[in-house]
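Visitor: This is a predicted model, with the sequence first.
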Amino acid sequence: MTHDPALKPATQLANASRRRFPGEGDDYRRARTALLAEEIELRRHIERVAAQRRTLPPGGVVPQDYRFEGERGPVSLSGLFEGHDTLVTYNWMFGPKRERPCPMCTSLLSALDGEMPDILQRVAFAVIASSPLSRLTAFKAERGWRHLKLYASAGNLFNRDYAGETPDSGDNAAFNVFRRDGDIVRHFWADEMGMETADPGQDPRGPVDAMPIWNILDKTPGGRGKDWYPKLSYEEG
């Protein structure tokens, strides 16, 4: 791990913390301070990765101005930018072969719906699925989403090109980021983690680490668990 000489050692910062809690013992405090140093290093690593991401060379030019069906009518990919120079897309696993959408995707999107007014101050954001728009908007109403903007890919090649979907594979979850410079739209970044990049015994942890629920559960004694995932409904019976 590269050390930045401008930064104080993480252990020094951890030892400077004066947070204490009722009833804690010396063994707890020693272990917690050691953990705090690791948390500081993790924060720094996240910042380094984000900085490295921002320095990526220009990505490939988008091969076509894909057309989508939106809640306000047909729109092209370039139209999804809505005045921003950056567009984030999320491929929602709610294809026509699914009776109900993916619970994991839905949990993530439910969290992002609340954040969307803030996100849209900085970038454009579009949720794309291959089901007919009527199915997408019906579920949006059922879930009570207010701010997410939904688009049906309407048989175009976007899902194939940027989510790796084929008629046989079904639908895939995927984050993509696009950058517009004048009339040119380029791909900037996509999550590329999958089963082939997963560590033993772990979820592939690609776009799922964007989920607030995992960030909360990672701070608990039981963690994420090995066999638990969100559901679409928790109604009894």
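Guide: Perfect, thanks for sending it. Numbering: from 1, shown residues only.
Visitor: Show me how this structure divides into domains.
Guide: Annotated domains of the chain cover 1-55, 67-190 [automatic domain parsing].
Visitor: Deepest-packed of these, please.
Guide: Among the domains of the chain, judged by mean count of other C-beta atoms under 10 Å, the one packed with the most neighbours on average is domain 67-190 (a mean of 17). The way it works is simple: take the backbone N, C-alpha and C, and place the C-beta from them, glycine included.
Visitor: State the mean pLDDT of that domain.
Guide: Computed over domain 67-190, the mean pLDDT rounds to 95.
Visitor: Do me a favour and get the end-to-end distance for it?
Guide: Using C-alpha to C-alpha, to the nearest Å, the end-to-end distance of domain 67-190 comes out at 20 Å.
Visitor: Run the chain-centre distance for that domain.
Guide: Between the mean C-alpha point of domain 67-190 and the mean C-alpha point of its chain there is a distance of 12 Å (C-alpha atoms, centre = their mean, to the nearest Å).
Visitor: Now the domains of the chain in JSON lines, please, with extra columns for distance to Gly206.
Guide: As requested, these are exported to JSON lines (distance: least, C-beta to C-beta, whole Å):
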{"stretch": "domain 1-55", "distance to Gly206": "14"}
{"stretch": "domain 67-190", "distance to Gly206": "8"}
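Visitor: Out of the ones you listed, the one nearest Ala198 is which?
Guide: Of all those, domain 67-190 sits nearest to Ala198, with 14.3 Å by C-beta to C-beta.
Visitor: next structured bit after the longest helix seen in the chain?
Guide: Using DSSP state H to assign secondary structure, the helix with the most residues in the chain is helix 26-54. Of the helices and strands lying after helix 26-54 in sequence (DSSP states H and E), the nearest is strand 67-70.
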